[in-house]
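Student: I would like to see how this sequence folds:
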Amino acid sequence: MKCEVNGNVLKLNGREIEFPYEIRKIAEFDGIIMLLLMQNEIPYNNIVALDANGDVLWHIADVIQLEVDEAYAGLWRKNERYVWVRSYSGVETTFDVYTKEIIDQEVRR
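Tutor: Numbering: from 1, shown residues only. Below you'll find the model as predicted:
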């Protein structure tokens, strides 16, 4: 996939997609791109996964269900299948981006 970020706009395979918040980090996988969205305020459910066409596959709350709505501060590609995310409350989760299976989850403060 060919992608470029400019503020809150993602250029993906020739298509421009605008988001309500700045794109702070991306994690690319085969057929999936994940975005961490934030600005001065950090919205809940602020990680989104897109397919190669730029269509939304899922939001982070579809994968990780915590007791309260959560905003995320970290996004990191661990390998060709797994991603690590960190919530503001300190919940660190590693999961498979294709199956959405949670591999590991810890609370760190």
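
Student: where along this protein do the helices fall?
Tutor: Using DSSP state H, the helices of the chain run over 60-63.

Student: any idea how far V68 is from the residue positioned nearest the centre of the chain?
Tutor: The centroid of the chain falls nearest to I47 when counting by CA atoms, centre = their mean (3.3 Å). Between I47 and V68 the computed distance is 16 Å (CB to CB, to the nearest Å). The C-beta positions use only the backbone N, C-alpha and C, and glycine is treated the same way.

Student: do W76 as well
Tutor: From W76 to V68 the distance is 23 Å (CB to CB).

Student: Which of these two has more residues huddled nearby?
Tutor: W76 (14 against 7; other CB atoms under 10 Å).

Student: which residues does the more buried one bridge with?
Tutor: As for beta bridges, W76 partners with W84 under DSSP bridges.

Student: can you pull out the strands in this protein?
Tutor: Counting by DSSP state E, the chain has strands at residues 3-6, 9-12, 15-18, 22-29, 32-38, 47-51, 56-59, 72-77, 82-87, 91-96, 102-107.

Student: and the nearest residue to L66 once chain neighbours are set aside, bridged to which residues?
Tutor: Leaving aside its sequence neighbours, L66 sits nearest to V91 (CB to CB, 6 or more residues apart in numbering; 6.3 Å). Judged by DSSP bridges, the bridge partners of V91 are V107.

Student: can you count the residues close to V91?
Tutor: Applying other CB under 10 Å, we find 17 residues neighbouring V91.

Student: isn't it right up against V107?
Tutor: Yes: between V91 and V107 there is a contact under CB atoms under 8 Å: 5.5 Å.

Student: Flag the shaky bits of this protein, pLDDT-wise.
Tutor: In the predicted model, the chain carries no residue with pLDDT under 70.

Student: Go again with 90.
Tutor: Within the chain, the ranges that satisfy pLDDT under 90 run 1-3, 13-14, 39-43, 65-70, 89, 107-109.

Student: thought E4 was touching R15?
Tutor: No: under the criterion of CB under 8 Å, E4 makes no contact with R15, lying 11.1 Å away.

Student: How about the contacts made by the residue lying closest to I42 once chain neighbours are set aside?
Tutor: Spatial nearest neighbour of I42, excluding adjacent residues (CB to CB, 6+ apart): A71 at 4.3 Å. By CB atoms under 8 Å, 6 or more residues apart in numbering, A71 lies in contact with M38, I42, P43, Y44, N45, N46, S87, Y88.
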